[in-house]
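**Q** Requesting a structural model of the entry that follows:
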Amino acid sequence: MEMVNNVTEFILLGHSQNKKVKYLCFLLFLFCYIAILMGNLIIVISIILSQLIGQPMYFFLNYLALSDLCYTSVVTPKLVADLSTERNTISHTSCMAQLFTMHFLGANEVFILTVMAYDRCVAICKPQHYTVIMGRWRCDCLVMACCAGAFLHSFVYCLLTIMLPFCGPSEIDHYFRDVYPLLKLARTDTYAVGILVVANSGKMGLVIFVVLMTSYFLVSYTSRAYPAESPSKALPTCSSHITVVVLFFVPVLFIYTGPAKTFPEDKFLALFYTVIAPMFNPLIYTPRNLAMKSASRGVWCPKPILSGKQMI
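**A** Purely as a prediction, here's the structure:
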């Protein structure tokens, strides 16, 4: 049976059609996007222009901040723009491009969070061998592995959806193009595709979440059993990392580990891993991290300026 696609564009319904609600959402998400840009740019610039870039933990944190900037920029600007217009549409080609980019960057963030957990686990459980195990060459290899894994994950998604036949209606009850809303519109049996999506995202996310929680258990056990051997600087970072993981993973697991169906709550839960988590990452990592605060002061408040003020 030949699959025919008569849909050239999709209509995004967004969060609400009420003008007052849309205006409030416009201001809220615009503020969130500005906060994401400023917070993550401060982290990136502070790490790159300081000596922290040579340390594995901050090397990965810098990569996470860059990933956050790219990830949220795929969704949030379009979301803000759509809230200021009456009719929000996107072409079929742009829809597939955004689907690939979103899942590539999202999976990349999942993998880098896993690598950061591995880094903290090595720092606390094997402090004597940390510099050897987490050398720069291995850090670069881990980042490349994150990109390769994310590309494979996203490629599978596009392969599953790009050949689906869409013959109308073309309304998507969401603020971005995700797999489940597209499966709902497809004019064919999507049960097998839905199972593959759950396996690709849901089960993978669940396995990674369990691995992360196991690594935190090992870190907690080691720090209590051998307090003299556990670096004190690593422990505050672990608590910050757990907060980031919970904000990102819990909504993802709720959406992708269940049945391959769309629910009204999905588009609100998706805000946590597309907007809220990238916005809170700088607030979670920076204030409690003395090295980050010191690096930020060194970059943004140079000594000549401080000494000049003191002389005045």
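
**Q** any chance you could map the strands in this protein?
**A** 9-12, 89-91, 171-172 (DSSP state E).

**Q** So for the first one, mean pLDDT?
**A** Confidence over strand 9-12 (mean pLDDT, whole number) is 66.

**Q** do stretch 57-70 as well
**A** 90.

**Q** where's that stretch relative to the chain centroid, distance-wise?
**A** 10 Å (C-alpha atoms, centre = their mean, to the nearest Å).

**Q** do the same with stretch 72-89
**A** For stretch 72-89, the distance to the chain centre is 19 Å (C-alpha atoms, centre = their mean).

**Q** Let me see the contact set for Ile43.
**A** Leu61, Asn62, Ala65, Pro282, Tyr285, Thr286, Met292 (C-beta atoms under 8 Å, 6 or more residues apart in numbering). Yep, even glycine has a C-beta here, placed from its N, CA and C like the rest.

**Q** Neighbours of the third one, how many?
**A** Per other C-beta atoms under 10 Å, the neighbour tally for Ala65 reads 23.

**Q** Run through the residues that contact it.
**A** Asn40, Leu41, Ile43, Val44, Ile47, Asn281, Pro282.

**Q** Check the second one too.
**A** With contacts taken as C-beta under 8 Å, 6+ apart, Asn62 has the following neighbours: Ile43, Val44, Ile47, Ile48, Ile53.

**Q** Which members of those are classed as buried?
**A** Ile43, Val44, Ile47 (16 or more other C-beta atoms under 10 Å).

**Q** most neighbours, which of the contacts of Ile43?
**A** So for the contacts of Ile43 (other C-beta under 10 Å), the most neighbours sit at Leu61, 28 neighbours.

**Q** Tell me the pLDDT of the nearest residue to that residue once chain neighbours are set aside.
**A** Residue nearest to Leu61 in three dimensions, not counting chain neighbours: Tyr285, with 6.3 Å by C-beta to C-beta, 6 or more residues apart in numbering. Reported pLDDT at Tyr285 in the predicted model: 74.

**Q** isn't Tyr285 right up against Thr243?
**A** No. Applying C-beta atoms under 8 Å as the test, Tyr285 and Thr243 come out as separate, 9.2 Å apart.

**Q** give me the low-pLDDT residue ranges for this structure?
**A** Applying pLDDT under 70 to the chain picks out residues 1-17, 87, 166-178, 224-238, 258-264, 287-289, 302-312.

**Q** what's the longest helix in it?
**A** helix 92-125 (DSSP state H).

**Q** Show me which residues of it are buried.
**A** 92, 95-96, 98-125.

**Q** show me what contacts Asn40?
**A** Counted by C-beta under 8 Å, 6+ apart, Asn40 has contacts Ala65, Leu66, Asp68, Leu69, Pro278, Asn281, Pro282.

**Q** Recalculate using a threshold of 10 Å.
**A** Residues near Asn40 by C-beta atoms under 10 Å, 6 or more residues apart in numbering: 62, 64-70, 72, 278-279, 281-282.
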